[in-house]
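Asks: Give me coordinates for this.
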Amino acid sequence: MKKHITFLIADPIVRAAHIEIMRVIRNANGRALFVGGCVRDWLLGLTPEDFDIEAYGIPPKQIVELLSSSFPLDLVGEAFGVIKLKGVPIDISLPRRESKRGLGHEGFDMYSDPFITIEEAAGRRDFTINAMAWDSESQELLDPFGGLIDLEEKILRHTTKCFKEDPLRVLRGMQFAGRYALRGAPDTLAMSQDLLPEYHTLPIERIWGEWYKWASQSILPSAGLKFLLQAGWIRVYPELKSLIDCPQDPEFHPEGDVWTHTLLVTDEAAAIAERDGLAKDERVVLIFAALCHDLGKPSTTETIDGRIRSRGHCDTVEIFQAFLARIGAPFGTVERVIALCRYHLTHVDFKDSLRHVRRLSVSLAAAGETLEMLGRLVEADHSGRPPLPKKMPLNMTAMLEVAHSLNLQNKGTEPFLLGRHLLELGVSPGPQMGEILQIVFEEQLNGEIQSLEDAIEWVRRYCL
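Replies: Below is the predicted model of the structure:
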């Protein structure tokens, strides 16, 4: 299929580099096409962050020589047929052939072949929405596998049977489904199920890379999780699989089981992250906290006096850790997500206690988290229970109001009394100094000490 369409390159640096690349390749009787994600994003009305250009008709060594006369090059990926322009978000690639020689994401022999057809090259790509190309000279969209229709109909479909050669493509399917609110085509889901035995061959850093994209960019995270379920890959994540059919008290959770609730909460978290303009890494923490917050329910759920209860599910730290380790989450992210999950019900019995807010701010800060982020998770949790209204619970609102009054919404309570103050009072360094600092800080958290002067007076009265 060919369609005339106009794509605009807003960045003047990228635009100038593109013009020069086209000139160089055209003068060598080659052809250059924009391919992959930038074409997809243009069609969706999005601004691409980086650009891939595929060059046809020019041997690898020649294209390096041609481009090096105009640009400083990064040739780290040359062995894979990829040439990067230093300082410009453009990658130049050559069409390539691959042959499967073993299991897994890296079990390939690859070599560049700039003389294969555009359709052959597109057939090596994972999904139809990523297999489109744009010829900026003829202003044509080249779409050999119907990616534009799939994009319009919200379908995620593989290009060819080559899809089965790389198990990472299933996790890529998960994050694409979430990022663009897509549903998997039945035959693509079937192929994904066939790839399940190769999951163990994937490097943990590649697994995390796809999960990170799911959390940092999904507009509808639940669509990615549904893709994972329908592809059969939920089995490699037993912490998620156990959420399916885990019951909840219908009075508080009329939406259904824990899996259904979790899907809804991740979508609400994504909406809140967008509303609040969270940076990528902050968004990742919130989305994973939404995903993990009820992972402890299957192991703690029981019926007590005719009511379904999940007492202690917030404290199942080992379950949170197991899942996050399974996907390769870095230490800092793990610590923050676990802290949010552990404290996501602390607002339930809140009664305007300043002491409670001070102590909670310290516990969260120890993991790099804040009361403000906890409020976002709590709002997402309570908004993921239709037909109940979407809202921040009143107790959480009250807690945040107290936090703002104490200026603790984005930091932990800081001690008034420090070691240097004790030295000035004549206290010698050693274990006693640490004990005094801890006791005085406890009194501060309890509200008995409200200033540095109070703290110094306390030390003079009880320690000197």
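Asks: wait, isn't Phe51 in contact with Arg15?
Replies: No. Using CB atoms under 8 Å, Phe51 is not in contact with Arg15, being 10.3 Å away. Quick note: C-beta positions are derived from backbone N, CA and C, even for glycine.
Asks: Neighbour count: those two, which is higher?
Replies: More crowded of Phe51 and Arg15, by other CB atoms under 10 Å: Phe51, with 25 against 11.
Asks: That one and Trp211: what is the separation?
Replies: Separation of Phe51 from Trp211 (CB to CB, to the nearest Å) stands at 25 Å.
Asks: ditto for Tyr199
Replies: For Tyr199, the distance to Trp211 (CB to CB) stands at 13 Å.
Asks: Could you do Leu445 as well?
Replies: Counting by CB to CB, the gap from Leu445 to Trp211 is 37 Å.
Asks: Tyr199 and Trp211: who's more crowded?
Replies: Neighbour count, other CB under 10 Å: between Tyr199 and Trp211, Trp211 has more, with 23 against 17.
Asks: and that one, helix, strand or coil?
Replies: Secondary structure for Trp211, judged by DSSP: H, G, I helix; E, B strand; the rest coil, is helix.
Asks: could we number from 486 for the rest of this?
Replies: Let's use 486 as the start, then, which means that last one is Trp696.
Asks: Give me the pLDDT value at the closest residue to it other than its chain neighbours.
Replies: Distances taken as CB to CB, 6 or more residues apart in numbering place Ile812 nearest to Trp696, at 4.7 Å, with adjacent residues excluded. pLDDT recorded at Ile812 is 98.
Asks: Spit out the contact partners of Ile812.
Replies: If you count contacts by CB atoms under 8 Å, 6 or more residues apart in numbering, Ile812 has them with 692-693, 696, 722.
Asks: what about 10 Å?
Replies: Shown in contact with Ile812 (CB atoms under 10 Å, 6 or more residues apart in numbering): 656, 689, 692-693, 695-697, 699-700, 721-722, 724, 773, 776.
Asks: which parts of the helix or strand Arg511 falls within are buried?
Replies: Element membership of Arg511 [criterion: DSSP states H and E] is helix 497-512. Residues of helix 497-512 classed as buried: 499, 502-503, 506-507, 509-510 (neighbour count, 16 or more other CB atoms under 10 Å).
Asks: Just name the closest of those residues to Met858, please.
Replies: Val499 (34.6 Å; CB to CB).
Asks: Report pLDDT for that closest one.
Replies: 89.
Asks: Please apply the same query to Gly515.
Replies: For Gly515, pLDDT reads 92.
Asks: quick one: it from Pro599, how far?
Replies: Gly515 is 8 Å from Pro599, by CB to CB.
Asks: which neighbours do these two share?
Replies: Residues touching both Gly515 and Pro599 (CB under 10 Å, 6+ apart) are 540-544, 547-548.
Asks: Most neighbours among those, please name it.
Replies: The most crowded member of these, judged by other CB under 10 Å, is Ala540 (26 neighbours).
Asks: Tell me, how many residues neighbour Ala756?
Replies: Neighbour count for Ala756, taken as other CB under 10 Å: 16.
Asks: Ok, Gln624 next?
Replies: By other CB under 10 Å, 12 other residues sit near Gln624.
Asks: wait, doesn't it sit right on Phe492?
Replies: Yes. Gln624 lies in contact with Phe492 (CB atoms under 10 Å); the separation is 8.5 Å.
Asks: Great, nothing more from me.
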